[in-house]
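Trainee: quick one: sequence plus predicted model below, questions after.
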Amino acid sequence: MIRIRDLVKAYGSLTAVDGLTLDIEENEIFGLLGANGAGKTTTIHMLATLLKPTSGSATVNGYDIVSQPAKVRSSIGIVFQAPSSDDILTGYENLHLHSMLYSVPRNTRRKRIDEVLELVGLADRKNDQVKTYSGGMRRRLEIARGLLHKPKVMFLDEPTLGLDPASREVMWKYVRRLVEEEKITVILTTHYMEEADMLCDRIAIIDKGKIVALDTPAGLKAGLGGDIIRIKTKDPTAVKSIESLDFVSRIEHSNGFLVLSVKDAKKALPILLQQVEAESAEFSSPTLNDVFIQITGRKIDKEKAEGGFMERYAKYD
Amino acid sequence: MQSMIEDHMTKLYALWLREFKVFLREKSRLVASTFTPILWLFVIGSGLGAANPSTIPGVDYQLFIFPGIVAMSIIFSSVFFGSYIIWDRKFDFLKSVMVAPVSRATVFVGKTLGGMTTSLIQASILLAVGAAIGVPFTPISLLQAVAVILLMSFGLTSLGLALGSYMYSLEGFQMIVSFVVFPLFFLSGALFPLDDLPGWLGILTAADPATYGVDALRQAMLGAGSNSFALDMAVLFAYTAALGLFGILSFRRMKAV
């Protein structure tokens, strides 16, 4: 659905996107995960034909982003980081405006607007001015707007930035529904690990304009070597009986605990506990955060949200 | 072909409708921009009029500046309207329009039509005030006035939009007010006759597109002026075409993000 080859965007000496090559399949939720300034938004803007690449190429729905921008635009929907609806107009009026700009046929306009409003749960607020909407509702209206012309691809740039945890979960629900009901491909950028983990079929971790890892969330985590089980036991034969289990890849002693590396702790633990008499047992799975730190050598700074005053505004909303 | 034209018209209509609805809902804009010209008409018109400046024989000063005040309302509302694009950019609305499959020229023309409409509505309120203070309107002079108003507002909205497209901060708006709106107004001969000006001022007024709008309105409403109505209209048309072209080119090169 999207094919990116050696895409570069340079601003003077700063290279925001540095030789990106990537294929995104139809009907998947693909996540671009990275710290602020990693080049996620720049990538989205190039794919949406709002920015010209310095070099390299990309196609969206088979159309070239440089030579066929109008066809690309008709194929995509996009939700920007900051809400971009006109807040003097009502939700319905905003959608009506965009349905005309996207050449939705006159006789299906009303029906399609009602459909997308229903999909994002705003049908009962459609005749209110957007300035009365909450931050989460604004984002959902933007999603509805992006869906009007039945695009093949939907870009969501930090769809939950500045939303409270409850609104964030609501947003995730609607994004999933989008893929199920509208059968479209979703590309989202985020710097929230949890969001990427919960939503995405595949994730590309981007650092300084380059892809540094690309896999499913499970695959990325498995790359760290699986789960860790910690057992406290007084059984003197414990080590010996554990060593006989082939799914345990490593045993270490630490502060009176036995620390075991296994591929899947949920399956390993019951078997283990039949073999060993344990006083206590616990396990932990690596998170995407562990993966991110491992790969980029840094944490994502959660406090520093990027963007202008609209984000800050949305946060206190 | 037929459907392509229809598609284009639909997009223009959508862009125009948005501007019109915003105009209708932001009543404070309308009130403020209609009040100022009326204030000028009555305070400057009566105040300076008392000093009896020589204008057109048999026409008092208030009546003399009335066409100029109509032009003033067009200058202010059109150029301001154009520069509201800085706000559209600030609130990212512009980005959402530019990512749609709509050409920049269409976006430009749609917005300009919106500006023309708001200018025409404001000017109509003033025309009604004019009739009340004794401007001798005839159907023909009214028609001529409306033609001037439409042409002038198209050109000046284009100018505002073009300048706004180069500006990325609200401070830019203040620059437009100081260096474009006020000079356009003061140099247009809205408040004084153009016939016996010192040389330097004569040159500046001749270069001001609004001069021809004011003169055309004065010809239409009072039957007096420096140039013929036809000459004024020809110059105004040339200016409007040039400014429209400038606007389209500016929109084409405007950065989307």
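Mentor: Now that the structure is in, tell me what you want to look at. Residues are numbered from 1 along each chain as shown, chains lettered A, B, ... in the order given.
Trainee: what pLDDT does the closest residue to chain A within the stretch 151-257 of chain B get?
Mentor: With C-beta to the nearest C-beta, the shortest gap between the stretch 151-257 of chain B and chain A falls at B:A256, namely 4.0 Å. Every C-beta, even on glycine, is put in place using the N, C-alpha and C of the backbone. Here, the pLDDT recorded for B:A256 equals 82.
Trainee: so which strand or helix has the residue nearest to it when sequence neighbours are not counted?
Mentor: Computed as C-beta to C-beta, 6 or more residues apart in numbering or on different chains, the closest residue to B:A256 that is not its neighbour in sequence is A:L50, at 4.0 Å. Counting by DSSP states H and E, no helix or strand carries A:L50.
Trainee: who in the stretch 101-250 of chain B is up against chain A?
Mentor: Taking C-beta under 8 Å from any C-beta of the partner chain as the measure of proximity, the stretch 101-250 of chain B contacts chain A at B:101-102.
Trainee: the residue of the stretch 101-250 of chain B found nearest chain A: what's it in contact with?
Mentor: Ranked by C-beta to the nearest C-beta, the top residue of the stretch 101-250 of chain B for proximity to chain A is B:P101, at 4.2 Å. For B:P101, the contact set (C-beta atoms under 8 Å, 6 or more residues apart in numbering or on different chains) comprises A:70, A:73-74, A:101-103.
Trainee: picking that back up, so what's the residue count around the residue of the stretch 151-257 of chain B closest to chain A?
Mentor: 16 (other C-beta atoms under 10 Å in any protein chain shown).
Trainee: what secondary structure does it sit in?
Mentor: Here B:A256 is recorded as coil under DSSP: H, G, I helix; E, B strand; the rest coil.
Trainee: give the contact list for it.
Mentor: A:45, A:50-51, B:95, B:98-99.
Trainee: mind redoing it with 10 Å?
Mentor: With contact set as C-beta atoms under 10 Å, 6 or more residues apart in numbering or on different chains, B:A256 has these partners: A:45, A:48-52, B:89, B:94-95, B:97-99, B:104.
Trainee: now those: which count as buried?
Mentor: Neighbour-count burial (16 or more other C-beta atoms under 10 Å in any protein chain shown) is assigned, among the contacts of B:A256, to A:45, A:48-51, B:89, B:94-95, B:97-99, B:104.
Trainee: where does pLDDT dip in chain B?
Mentor: For chain B, the stretches flagged by pLDDT under 70 are B:1-2, B:54.
Trainee: what about the strands in it?
Mentor: With DSSP state E as the criterion, chain B has no strands.
Trainee: ok, A:I293 to A:E252 distance?
Mentor: 21 Å (C-beta to C-beta, to the nearest Å).
Trainee: neighbour count for those two, which is higher?
Mentor: Using other C-beta under 10 Å as the criterion, A:I293 and A:E252 rank with A:I293 on top: 14 against 11.
Trainee: mind telling me what element that one is part of?
Mentor: Using DSSP H and E, A:I293 falls in helix A:288-296.
Trainee: determine the set of other helices and strands touching that helix.
Mentor: The contact analysis (3 or more C-beta pairs under 10 Å, 6 or more residues apart in numbering or on different chains; DSSP states H and E) places helix A:288-296 against strand A:29-33, helix A:193-199, strand A:202-207, strand A:210-215, helix A:217-222.
Trainee: quick one: the helices in the stretch 1-150 of chain A, in order.
Mentor: Per DSSP state H, counting those that start in this stretch, the stretch 1-150 of chain A carries helices over the ranges A:40-47, A:69-75, A:91-101, A:106-119, A:135-147.
Trainee: give me the domain ranges for chain A.
Mentor: A:2-220+A:305-315, A:225-285 (automatic domain parsing).
Trainee: out of the ones you listed, flag the one nearest B:V146.
Mentor: Among those, the nearest to B:V146 by C-beta to C-beta is domain A:2-220+A:305-315 (27.9 Å).
Trainee: avg pLDDT for that closest one?
Mentor: The model assigns domain A:2-220+A:305-315 a mean pLDDT of 91.
Trainee: does B:D92 really touch A:V79, like I thought?
Mentor: No. Using C-beta atoms under 10 Å, B:D92 is not in contact with A:V79, being 11.0 Å away.
Trainee: mutual contacts of the two, please.
Mentor: A:E142.
Trainee: which of those two has more neighbours?
Mentor: A:V79 (26 against 19).
Trainee: tell me the bridge partners for the residue of the stretch 151-300 of chain A found nearest chain B.
Mentor: Nearest residue of the stretch 151-300 of chain A to chain B (C-beta to the nearest C-beta) works out as A:F155 at 9.3 Å. In this entry, A:F155 is beta-bridged to A:I78, A:I187, by DSSP bridges.
Trainee: can you pull the contacts of it?
Mentor: Taking C-beta under 10 Å, 6+ apart as the test, what A:F155 contacts is A:2, A:32, A:41, A:43-45, A:47-48, A:60, A:76-80, A:146, A:185-189, B:99.
Trainee: if we use 7 Å, what do you get?
Mentor: Under the criterion of C-beta atoms under 7 Å, 6 or more residues apart in numbering or on different chains, the neighbours of A:F155 are A:44, A:47-48, A:76, A:78-79, A:187.
Trainee: what does A:R3 give?
Mentor: A:R3 touches A:23, A:58-59, counting by C-beta under 7 Å, 6+ apart.
Trainee: which among those end up buried?
Mentor: Neighbour counting by 16+ other C-beta under 10 Å classes A:58-59 among the contacts of A:R3 as buried.
Trainee: can I get the contacts of A:R3 in a markdown table including distance to chain B?
Mentor: Listed next are the contacts of A:R3 as a markdown table, based on distance: C-beta to the nearest C-beta, whole Å:
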| residue | distance to chain B |
| --- | --- |
| A:D23 | 23 |
| A:A58 | 16 |
| A:T59 | 17 |
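Trainee: can you give me the end-to-end span of stretch A:98-108?
Mentor: Terminal residues of stretch A:98-108 are spaced 13 Å apart (C-alpha to C-alpha, to the nearest Å).
Trainee: hey, which helix is longest across chain B?
Mentor: helix B:104-132 (DSSP state H).
Trainee: buried set for that helix?
Mentor: Residues of helix B:104-132 classed as buried: B:104, B:106-120, B:122-123, B:126-127, B:129-130 (neighbour count, 16+ other C-beta under 10 Å).
Trainee: next, the angle helix A:91-101 makes with that helix.
Mentor: On the basis of axes from the mean of the first three to the mean of the last three C-alpha atoms, to 10 degrees, helix B:104-132 is oriented at 120 degrees to helix A:91-101.
Trainee: show me what the top helix by length along chain A is packed up against.
Mentor: When chain A is scanned for its longest helix (criterion: DSSP H), the result is helix A:165-182. With contacts taken as 3 or more C-beta pairs under 7 Å, 6 or more residues apart in numbering or on different chains; DSSP states H and E, helix A:165-182 sits against helix A:135-147, strand A:185-190, helix A:193-199.
Trainee: host element of the most far-flung residue of chain A relative to its centre?
Mentor: What lies farthest from the middle of chain A is A:P236; by C-alpha atoms, centre = their mean that is 47.3 Å. Using DSSP H and E, A:P236 sits within no helix or strand.
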